[in-house]
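Engineer: Coordinates only, no sequence provided:
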RNA sequence: GCUCCGAUGGUGUAGUCCGGCCAAUCAUAUUGCCCUCUCACGGCAAUGACCAGGGUUCGAAUCCCUGUCGGAGCACCA
């Protein structure tokens, strides 16, 4: 099988579907898969030189290593050879009609005069195309199909055209005569021994077009599956390489790994495992209709992978400072993970005031102003201060006192958490300053996050940056 | 306009080829309960779907027709 990306930028989430599915099939059926960059349009789909590696990186993140990698722009001579052969078989002709002219003839099912040229002339003109003797638009090579085919999309389609703009890859920059996708990909699929092709419904007619070429060469066409488009919920930003690229250029996104961008680099930075994405993608199946992928299914798969091994920490968003009273313990020792006592406990010096999320602070005139600070003890709000009341958990177990997370006012770590919907600031418990970048945590009652970096500027203002993973 | 393709709960999916075992599978989401010093994990439960109408048949999610809705192609893009 093959994955044939157009190297126009790093991958968005939707691109993960192809490798996810063919990679999974490879393992299941002991198959083979390659990546083939179909970069045969140096102009309107101009390849981005950095995208080749970016895509391979994304693939690695998903957990796959292709058995082989090709670039169509390295294989022009192969395409030329097959085109010559096709000409000799009487299956192609050079045509100098303008796109419009031809389109009109085609739509009324009429052949253009060039169709009946003798093979010798076609051969010469095609050689001239390869030598770059025509300008863009002057001459194309068409595959002779059936000019009266009931589906106009299949009538005598273009196989090669002239492009004046040099290819960005130096190795391919001298070529001017470029194959169209249907020709290039059709030839390559056979030459590379592809047995099964999966592609989008936008390429529904490709197999039928290419079948004409396969018939001339007496080749057998691979099995084909067409699938619909994937849409993602949860994102403001449209899942489209060009849109994301524009937003980055305009400075509205920080880059391909901005948490607001629906890209693989972004999910990676948020601490989501490639494996979880693959699982969600495989779950979509290969149906022809368009599908909506719920981010929650990626999150569910990821949570499954990380929950057991991820330690717990406190992070208070925004936060109101509340003084403590009544002589509470000097240190709190909540466990690193509730299901794994053996990992030990955190050591949080309490001090004389704490930060709480605004929502968690009881109204002063509420019926019950009691609160249990997780890992510390029971308190009651009195005159704007939290008075230590008990270390007896029964007030939680039997009297339904709310359990909340908190951080000490002293030693708290300023933290900025980057999310899909923008940044959230607040404070984390002291130990968070010592976590290694790339470590995952679960902020209790907030969600999972990946520690990205610890920043400190000249003014001594330290700030830890984390990327929100998911609830 | 011409040509293709599709339609199962909020989402995804199984079942459709070869009609009965489907008062429709599984996952996720939602809600409730249990567990729990988290609204995480785990356990239990509930809600929730065969696009519509005809036809064939003893019997239709499954076969046929029509309609509706949705998608795609008709590029010297991929």
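Structural biologist: That came through fine. Computed from a prediction, not measured in an experiment: that's the story for all the values here. Numbers count the residues shown, from 1 in each chain, chains lettered A, B, ... in the order given.
Engineer: switch to C-alpha atoms for all contacts and neighbour counts from now on
Structural biologist: Fine.
Engineer: For the stretch 301-450 of chain A, what lies in contact range of RNA strand B?
Structural biologist: For the stretch 301-450 of chain A, the contact set with RNA strand B under CA under 7 Å from any atom of the strand comprises A:301, A:303-304, A:307-308, A:312, A:334, A:337-339, A:372-377, A:393, A:396-397, A:403-404, A:443-447.
Engineer: if we go to 6 Å?
Structural biologist: Taking CA under 6 Å from any atom of the strand as the criterion, the stretch 301-450 of chain A approaches RNA strand B at residues A:303, A:307, A:338, A:373, A:374, A:375, A:376, A:403, A:444, A:445.
Engineer: Between all of these, which two are separated the most?
Structural biologist: Greatest spatial distance among those (CA to CA): A:303 and A:376, at 27.3 Å.
Engineer: tell me which residues of the helix or strand of chain A with the lowest mean pLDDT are tucked away?
Structural biologist: Within chain A, no helix or strand scores below helix A:99-107, which has a mean of 90 by mean pLDDT, DSSP states H and E. By neighbour count on 16 or more other CA atoms under 10 Å, the buried set for helix A:99-107 is A:102, A:106.
Engineer: Going by contacts, tell me the helices and strands next to that helix.
Structural biologist: With contacts defined as 3 or more CA pairs under 8 Å, 6 or more residues apart in numbering; DSSP states H and E, helix A:99-107 has no packing partner among the helices and strands.
Engineer: Please tell me how far it is from the chain's geometric centre.
Structural biologist: Computed by CA atoms, centre = their mean, to the nearest Å, the chain-centroid distance of helix A:99-107 equals 39 Å.
Engineer: Show me what it is in contact with.
Structural biologist: With contacts defined as CA atoms under 8 Å, 6 or more residues apart in numbering, helix A:99-107 is touched by A:111, A:112, A:147, A:152, A:155.
Engineer: and with 6 Å instead?
Structural biologist: Residues lying outside helix A:99-107 but in contact with it, judged by CA atoms under 6 Å, 6 or more residues apart in numbering, are absent altogether.
Engineer: can I see the domain layout of chain A?
Structural biologist: Per the record's domain assignment (automatic domain parsing), chain A is made up of the domains A:2-73+A:228-303, A:75-226, A:311-471.
Engineer: Setting the sequence-adjacent residues aside, check what's closest to residue A:177.
Structural biologist: Spatial nearest neighbour of residue A:177, chain neighbours left out: residue A:162 (4.6 Å); criterion: CA to CA, 6 or more residues apart in numbering.
Engineer: burial of that neighbour, as a residue count?
Structural biologist: Using other CA atoms under 10 Å, residue A:162 has 22 neighbouring residues.
Engineer: helix or strand for residue A:27, which one?
Structural biologist: Assigned by DSSP states H and E, residue A:27 belongs to helix A:17-29.
Engineer: I meant to write residue A:450 there.
Structural biologist: When elements are assigned from DSSP H and E, residue A:450 belongs to strand A:447-456.
Engineer: quick one: the helices in the stretch 151-300 of chain A?
Structural biologist: In order along the chain, the stretch 151-300 of chain A carries the following helices (DSSP state H, counting those that start in this stretch): A:181-191, A:206-217, A:241-249, A:264-269, A:274-283, A:295-306.
Engineer: now the angle from the fifth one to helix A:17-29?
Structural biologist: An angle of 90 degrees separates the directions of helix A:274-283 and helix A:17-29 when computed by axes from the mean of the first three to the mean of the last three CA atoms, to 10 degrees.
Engineer: Quick one: mean pLDDT over helix A:274-283.
Structural biologist: Per-residue pLDDT values over helix A:274-283 give a mean of 96.
Engineer: most neighbours per residue, which of the helices of the stretch 151-300 of chain A?
Structural biologist: Taking mean count of other CA atoms under 10 Å as the contact definition, the stretch among these with the greatest mean neighbour count is helix A:264-269, which reaches a mean of 22.
Engineer: so which residue of the stretch 1-150 of chain A comes closest to RNA strand B?
Structural biologist: Using CA to the nearest atom of the strand, the closest approach of the stretch 1-150 of chain A to RNA strand B is made by residue A:137 at 3.1 Å.
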